[in-house]
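Chemist: got a predicted structure here, sequence first:
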Amino acid sequence: MQQRIDTANSAQVIHRFPKDFWWGTATSATQIEGAADVEGKGPNIWDYWYEQEPYRFFNQVGPGDTSRFYDRYEEDIELMKEMGHNSFRFSISWSRLFPEGRGEINERGVDFYNRVIDKLIACDIQPFVNLYHFDMPLALQQLGGWESREVVEAYVMYARECFARFGDRVNYWFTHNEPIVPVEGGYLYDFHYPNVVNFQRAVQVAFHSILSSALAVQAYHEAGHGGKVGIILNLTPSYPRSQHPADLRAAKWADLFFNRSFLDPSVKGEFPEELVNLLAETNHLPKVEKGDLETIRMNTVDLLGINYYQPRRVKAKEHLPHPESPLMPDHFFDHYVMPGRRMNPYRGWEIYEKGIYDLLLDLKENYGNIECFISENGMGVENEERFRTEDGIQDDYRVDFIREHLRWVHRAMEKGAHVKGYHLWTFMDNWSWTNAYKNRYGLVSVDLENNCKRTVKKSGRWFKEVIAQSGF
């Protein structure tokens, strides 16, 4: 049943956004669809990892059911419309379209995404479609995942098929979401499958991810589609402890590893020289084939999505790493806990709203003021049921979080940053990888014990008012 939302009388709007600003939310296939093994979908690495090691997932909740968007997308999209969305970013499950990652397409999967896209358009919501959000088909991971050139080729085939099937209605495409995360989680720090700890393999995964993105951009433009294709990066400003040269150098290294490694090739078409030199000096350059660098140089993105959650604070190394320990990015800096920082204790992340402004000004000044939008920003809180009243969950903390970040987005726009929209993570509470449903992020609560009943939170009503007023 669709829930009606009443909007309170609006006060004076001080921070006004353009009428064509993209207001909406973002999510991914594995985190909301459920239906993990029905109607022809093949297993991805999350399905497999949960089967192998369920105890690594909070309360041993896996991706099999999640928030059931696959079954309830119509009512969910109607609720998005009621809440004022004019855009919605979701991902396509690669293994729902291609159960083995390549080969014969699953027409039932195509039909599902056609119905989702058509429903969004019928509700005047622009579909923003992402091709890859951490969910490698298991059959392709068994070939080596992003370490494998075969997988890059399979991804480009998959991208071409998506453009051909849905490109007549989808005008905004994204090649990857947060491609640094599979590198960090899967190949350095052991929080994603395949749980490898190997810097050389991580470098190859990163390079092939960038190459696959450039090849998908090339395929989109060669097909003559009239929309735009971009990438979504989680950018985390790196702040030094002090202005001491050693601290400044530490912040520069953190920025190179975690921001510029993907930002520079995506937007400028080239890798940072300092990072390339380091890889050469430590004998960790990736395997590159003839023409790869030219492909990356010639196929930069049209549009950049920016995911911002927290800053990174660093200082100079206090101790040399053990000479036999695996090479890691943080061999070049230490993390710094700033006294007095504001924290979200449930997620363990610092809340620093100005970071979003600093990122946007950096893009304006150093990246040609590329057209961009905030593609994720949000706050996860544990045990939100304690804030429930008869009017739903009173998540004032989330209202404050969004409002203060939007203030800094607005200020960046006043300074000339080319920001086209703001998408919150996320529309409804979703399954969050190994954290499962530990922390809730949604504007809409999902009651797992009561048929996944949806109830709009206070933040959802407030966000609707912001959209209706084009500001606050």
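Modeler: Great, that's in hand. As the structure is a prediction and not an experimental result, all values here were calculated from the model.
Chemist: from now on I want contacts and neighbour counts done on CA atoms only, so please keep to that.
Modeler: OK.
Chemist: centroid-wise, who is the farthest residue in the chain?
Modeler: residue 323 (34.6 Å; C-alpha atoms, centre = their mean).
Chemist: what strand or helix carries it?
Modeler: Taking DSSP states H and E as the definition, one finds residue 323 inside no helix or strand.
Chemist: tell me how far it lies from residue 276.
Modeler: For residue 323, the distance to residue 276 equals 22 Å [C-alpha to C-alpha, to the nearest Å].
Chemist: residue 130 now?
Modeler: 28 Å.
Chemist: would you point out which residue is most central in the protein?
Modeler: The residue lying closest to the centre of the chain (C-alpha atoms, centre = their mean) is residue 177, at 4.3 Å.
Chemist: tell me which element the closest residue to that residue other than its chain neighbours falls in.
Modeler: Counting by C-alpha to C-alpha, 6 or more residues apart in numbering, residue 177 lies nearest to residue 232, which is 4.7 Å off, once chain neighbours are set aside. In the assignment (DSSP H and E), residue 232 maps to strand 228-234.
Chemist: quick check: residue 111 is in a helix.
Modeler: Yes. The assignment for residue 111 (DSSP: H, G, I helix; E, B strand; the rest coil) places it in a helix.
Chemist: quick check: neighbours of the helix or strand hosting residue 88 in the sheet, parallel or antiparallel?
Modeler: In the assignment (DSSP H and E), residue 88 maps to strand 87-91. The pairing partners recorded for strand 87-91 under DSSP bridges are strand 22-26 (parallel), strand 126-130 (parallel).
Chemist: and among those, the most buried is which?
Modeler: strand 22-26 (a mean of 25; mean count of other C-alpha atoms under 10 Å).
Chemist: contacts for it next, please.
Modeler: Residues from elsewhere that reach strand 22-26 (C-alpha atoms under 8 Å, 6 or more residues apart in numbering): 84-90, 375-376, 420-427, 467.
Chemist: helices or strands next to the next helix or strand after it in the packing?
Modeler: Downstream of strand 22-26, the next assigned helix or strand under DSSP H and E is helix 29-32. Using 3 or more C-alpha pairs under 8 Å, 6 or more residues apart in numbering; DSSP states H and E as the contact criterion, no helix or strand is in contact with helix 29-32.
Chemist: ok, which stretches of the stretch 301-450 of the chain are strands?
Modeler: Listed in chain order, the strands of the stretch 301-450 of the chain (DSSP state E, counting those that start in this stretch) span 303-307, 312-315, 334-335, 343-344, 349-350, 372-376, 381-382, 388-389, 392-393, 419-424, 439-440, 444-447.
Chemist: CA atoms only for the strand holding residue 232, dumped as PDB, please.
Modeler: Below are the C-alpha coordinates for strand 228-234, written out as PDB (Å, rounded to 0.1, in the frame of the first residue of the first chain):
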ATOM      1  CA  LYS A 228      26.000  10.900 -21.100                       C
ATOM      2  CA  VAL A 229      28.300   8.200 -19.500                       C
ATOM      3  CA  GLY A 230      30.300   8.700 -16.400                       C
ATOM      4  CA  ILE A 231      31.800   7.000 -13.400                       C
ATOM      5  CA  ILE A 232      31.000   7.200  -9.700                       C
ATOM      6  CA  LEU A 233      34.000   7.700  -7.300                       C
ATOM      7  CA  ASN A 234      34.000   7.800  -3.500                       C
END
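Chemist: got a list of contacts for it?
Modeler: The contact list for strand 228-234, computed with C-alpha under 8 Å, 6+ apart, reads 171-180, 213, 217, 220, 259, 262-263, 266, 301-308, 375.
Chemist: then stretch 267-283?
Modeler: Residues contacting stretch 267-283 (C-alpha under 8 Å, 6+ apart): 256-257, 260-262, 264-265, 285, 293, 296-301, 367, 370.
Chemist: between the two ends of it, what distance do you get?
Modeler: Distance across stretch 267-283, first residue to last, is 26 Å (C-alpha to C-alpha).
Chemist: give the buried residues for it.
Modeler: Using 16 or more other C-alpha atoms under 10 Å as the test for burial, stretch 267-283 gives 267, 268, 269, 270, 271, 272, 275.
Chemist: equivalent analysis for stretch 235-249, please.
Modeler: Within stretch 235-249, the residues scored as buried using 16+ other C-alpha under 10 Å are 235, 236, 237, 238, 239, 240, 241, 246, 247, 248, 249.
Chemist: any chance of those residues in JSON lines, plus distance to residue 163, pLDDT and secondary structure?
Modeler: Converted to JSON lines, the buried residues of stretch 235-249 look like this (distance: C-alpha to C-alpha, whole Å; pLDDT from 0 to 100; DSSP: H, G, I helix; E, B strand; the rest coil):
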{"residue": "235", "distance to residue 163": "27", "pLDDT": "98", "secondary structure": "coil"}
{"residue": "236", "distance to residue 163": "30", "pLDDT": "97", "secondary structure": "coil"}
{"residue": "237", "distance to residue 163": "33", "pLDDT": "97", "secondary structure": "coil"}
{"residue": "238", "distance to residue 163": "36", "pLDDT": "97", "secondary structure": "strand"}
{"residue": "239", "distance to residue 163": "39", "pLDDT": "98", "secondary structure": "strand"}
{"residue": "240", "distance to residue 163": "42", "pLDDT": "98", "secondary structure": "strand"}
{"residue": "241", "distance to residue 163": "46", "pLDDT": "98", "secondary structure": "coil"}
{"residue": "246", "distance to residue 163": "47", "pLDDT": "98", "secondary structure": "helix"}
{"residue": "247", "distance to residue 163": "45", "pLDDT": "98", "secondary structure": "helix"}
{"residue": "248", "distance to residue 163": "43", "pLDDT": "98", "secondary structure": "helix"}
{"residue": "249", "distance to residue 163": "43", "pLDDT": "98", "secondary structure": "helix"}
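Chemist: among those, which two are most distant?
Modeler: Within the buried residues of stretch 235-249, 235 and 246 form the most distant pair, 22.6 Å apart (C-alpha to C-alpha).
Chemist: next, the distance between the ends of stretch 76-87.
Modeler: End-to-end distance (C-alpha to C-alpha), stretch 76-87: 13 Å.
Chemist: name the residues that touch it?
Modeler: Contact with stretch 76-87 is made by 2-5, 22-25, 69, 119-120, 123-128, 427, 460-461, 463-464, 467-468, as judged by C-alpha under 8 Å, 6+ apart.
Chemist: no further queries at this time; thank you.
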